[in-house]
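> make a model of this:
(4 chains)
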Number of protein chains: 2
Amino acid sequence: MKQKATAQTRKPRADSARNRQLLIDAAKTGFADAGLNVSLEEIARRAGVGIGTLYRHFPSREAVVEAVYRREVEQLVEAVPQLLETSPAGEALHQWMHLFVNYIATKRLIAPSLAAAVGRTSAPHATPAELITRAISTLVKNAVRSGDVRKDIDPSDLLRALVGVSYGNPDAGWESSARRLIDILMDGLRCKGR
Amino acid sequence: MKQKATAQTRKPRADSARNRQLLIDAAKTGFADAGLNVSLEEIARRAGVGIGTLYRHFPSREAVVEAVYRREVEQLVEAVPQLLETSPAGEALHQWMHLFVNYIATKRLIAPSLAAAVGRTSAPHATPAELITRAISTLVKNAVRSGDVRKDIDPSDLLRALVGVSYGNPDAGWESSARRLIDILMDGLRCKGR
DNA sequence: TTAATATACGGAGGCTCCCTCCGTTTTGCA
DNA sequence: TGCAAAACGGAGGGAGCCTCCGTATATTAA
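Numbering: from 1, shown residues only, chains lettered A, B, ... in the order given. You can find the predicted model right below:
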């Protein structure tokens, strides 16, 4: 299960792992306190490590953000099979979209970085954006097969819409707005015998 | 018609007006060439003026962006009465949404600054965001009255969706994606006798 | 025309942030 | 216990943001 190249590798250093976690925690609270534009130096400061350490663990701001929201993305992905078991496919899709808004609502930072990433598939391994794309693709495919939604739906389109709808500024009943829009979208998606 | 305070004012200086226009032009090409993150100093350089001059005319990056896209916003707003004359209200709304995507597509910068502004109504005079909000409100109201779309629609919600849908990254068939989504949205909006 | 003055200009400078590089420190392993 | 490998820290160069103020120029009145 462990990755193992041609040569045997050392056990990873304890301080490295610890600092990585400290950084992620600091980033999480930093983003929450000071918005998406906290300086990386501020994050390093909060974590009590040098800026160099931050950059060693996360080569870019993107990478930091991704590490922070990776958890939520995983939960979002894991919810799919369960939803498909307990609900008809169309309903599963609908519920998942609301779930998406939930996660976006708590952590305000998924949307922006997701928005930038939806199109691209260049990354070597599975990026969060790709994971989510797969999740929604599964849901859409099922819903199309079961006849719950029209078949001319591109899952990426839908994801884009979802991200877009979740993009608004934090204040002013943003979340309920997103929820209303999802319901409208869903109405547009359904097969209405036409 | 001219603004005139208690004291009579001087004629505004010619160089000021000229520089302002140079700056707007430079910003327009600058945004097009180098993306939304061109430095303001670069814009000033392109315009052949000092950075101080830029800041005197436009107190913030936001203001620069707004000046650049003001034209498109105005056209978007002006299209409303015409659309309402030539099409049934529901269709007018639909067409206007496509028009919106058109303008966004050519100038890639309306969406971001609009996204930040949709909620707020704090500004003293009519901001572009408010102008657009008014435009879409008119269209929605008409469409609701004529029975073309359901009545539980908040125009701001719809604008948010429009902005969101138009937010994607430039590459990769973004525009057609936005158009498909608009059609789906519109299907969701229509009164379907239920 | 010319002088007076309101108005606008330019860019140096102080600040913050980004990111790299390398001397120092810590950790895992033998 | 000793020795590399691995990780740390933060100084420093570069860039962008924005302000401030001495200088330049347009407008107006004489």
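> now the residue nearest to residue A:77 when sequence neighbours are not counted. Its backbone dihedrals?
Nearest residue to residue A:77, sequence neighbours excluded (CB to CB, 6 or more residues apart in numbering or on different chains): residue A:135, at 4.8 Å. Every residue, glycine included, has its C-beta placed from N, CA and C. Dihedral pair for residue A:135: phi -60, psi -50, per degrees, to the nearest 10.
> how about the contacts made by residue A:135?
A:76, A:77, A:80, A:96 (CB atoms under 8 Å, 6 or more residues apart in numbering or on different chains).
> next: residue A:49.
A:19, A:22, A:23 are the contacts of residue A:49 under CB under 8 Å, 6+ apart.
> which one of those residues is nearest residue A:166?
residue A:23 (25.8 Å; CB to CB).
> from what I see, the closest one and residue A:55 are in contact.
No - if you go by CB atoms under 8 Å, residue A:23 and residue A:55 don't touch, sitting 10.3 Å apart.
> enumerate the residues of chain A near DNA strand C.
A:10-11, A:13-15, A:39-42, A:51-52, A:55, A:59-61 (CB under 7 Å from any atom of the strand).
> so how far is residue B:25 from the closest residue to residue A:80 other than its chain neighbours?
Leaving aside its sequence neighbours, residue A:80 sits nearest to residue A:135 (CB to CB, 6+ apart; 5.0 Å). To residue B:25, residue A:135 is 45 Å away according to CB to CB, to the nearest Å.
> swap in residue A:12?
Counting by CB to CB, the gap from residue A:12 to residue B:25 is 55 Å.
> and the two? Which one has more around it.
residue B:25 (14 against 9; other CB atoms under 10 Å in any protein chain shown).
> in the helix or strand encompassing that one, what counts as buried?
According to DSSP states H and E, residue B:25 maps onto helix B:14-34. Neighbour counts over helix B:14-34 (16 or more other CB atoms under 10 Å in any protein chain shown) mark B:19, B:20, B:22, B:23, B:24, B:26, B:27, B:28, B:30, B:31 as buried.
> check contacts around residue A:188.
B:183, B:184, B:185, B:186, B:187, B:188, B:189.
> buried subset of the residues you listed?
Buried members of the contacts of residue A:188, scored by 16+ other CB under 10 Å, are B:184, B:185, B:186, B:187, B:188, B:189.
> restricted to helices, list the residues you listed.
Within the buried ones among the contacts of residue A:188, residues falling in helices by DSSP state H are B:184, B:185, B:186, B:187, B:188, B:189.
> now, which of the residues you listed sits nearest DNA strand D?
residue B:185 (34.6 Å; CB to the nearest atom of the strand).
> excluding its backbone neighbours, what's nearest the closest one?
Closest to residue B:185 by CB to CB, 6+ apart is residue A:188, at 5.7 Å.
> residue closest to the middle of chain A?
By CA atoms, centre = their mean, chain A has its centre lying nearest to residue A:73, at 4.1 Å.
> that residue: which element?
Going by DSSP H and E, residue A:73 is part of helix A:61-86.
> what packs against that helix?
Applying 3 or more CB pairs under 8 Å, 6 or more residues apart in numbering or on different chains; DSSP states H and E, one finds that helix A:61-86 makes contact with helix A:14-34, helix A:40-47, helix A:89-106, helix A:110-117, helix A:128-145.
> what residues of that helix count as buried?
So for helix A:61-86, counting by 16+ other CB under 10 Å, buried means A:61, A:64-69, A:72-73, A:76-77, A:79-80, A:83-84.
> anything in that helix near DNA strand D?
No - using CB under 7 Å from any atom of the strand, helix A:61-86 stays clear of DNA strand D, coming no nearer than 13.6 Å.
> show the average pLDDT along that helix.
Helix A:61-86 shows an average pLDDT of 92 in the prediction.
> around DNA strand D, which positions in chain A sit nearby?
A:9-10, A:12-13, A:15-16, A:19-20, A:48-53, A:55-57.
> can you tell me how far whatever residue of chain A ends up closest to chain B sits from DNA strand C?
Nearest residue of chain A to chain B, counting by CB to the nearest CB: residue A:164, 2.1 Å away. Residue A:164 is 25 Å from DNA strand C, where distance means CB to the nearest atom of the strand, to the nearest Å.
> burial check on that residue, number of neighbours?
Residues within reach of residue A:164, counting by other CB under 10 Å, total 27.
> could you do residue A:37 as well?
8.
> residue A:45 too?
Count around residue A:45 with other CB under 10 Å applied: 15.
> then residue A:39?
Counted with other CB under 10 Å, residue A:39 comes out at 12.
> for residue A:132, same thing?
22.
> and if you look at residue A:177?
There are 23 residues near residue A:177, going by other CB under 10 Å.
> state the distance from it to residue A:186.
15 Å.
> residue A:128 now?
Going from residue A:128 to residue A:186 by CB to CB gives 24 Å.
> also residue A:11?
Relative to residue A:186, and taking CB to CB, residue A:11 is found at 50 Å.
> worst-scoring helix or strand of chain A, pLDDT-wise?
Here the helix or strand of chain A ranked lowest by mean pLDDT, DSSP states H and E is helix A:110-117, holding a mean of 63.
> pretty sure residue A:131 sits against residue A:75.
No - at 11.0 Å, residue A:131 and residue A:75 do not qualify as touching, with contact defined as CB under 8 Å.
> low-scoring pLDDT stretches of chain A, where are they?
The model of chain A has pLDDT under 70 over residues A:1-8, A:105-125, A:168-172, A:192-194.
> quick check: the residue of it nearest DNA strand D.
residue A:52 (1.8 Å).
> on that earlier part again, helix or strand: which one has the residue of chain A closest to chain B?
Element membership for residue A:164 (DSSP H and E) is helix A:155-165.
> contact partners of that helix?
Counting by CB under 8 Å, 6+ apart, A:97, A:100-101, A:111, A:114-115, A:118-119, A:132-133, A:136-137, A:139-141, A:178, A:181-182, A:185, A:189, B:160-161, B:163-168, B:177-178, B:180-181, B:184-185 sit against helix A:155-165.
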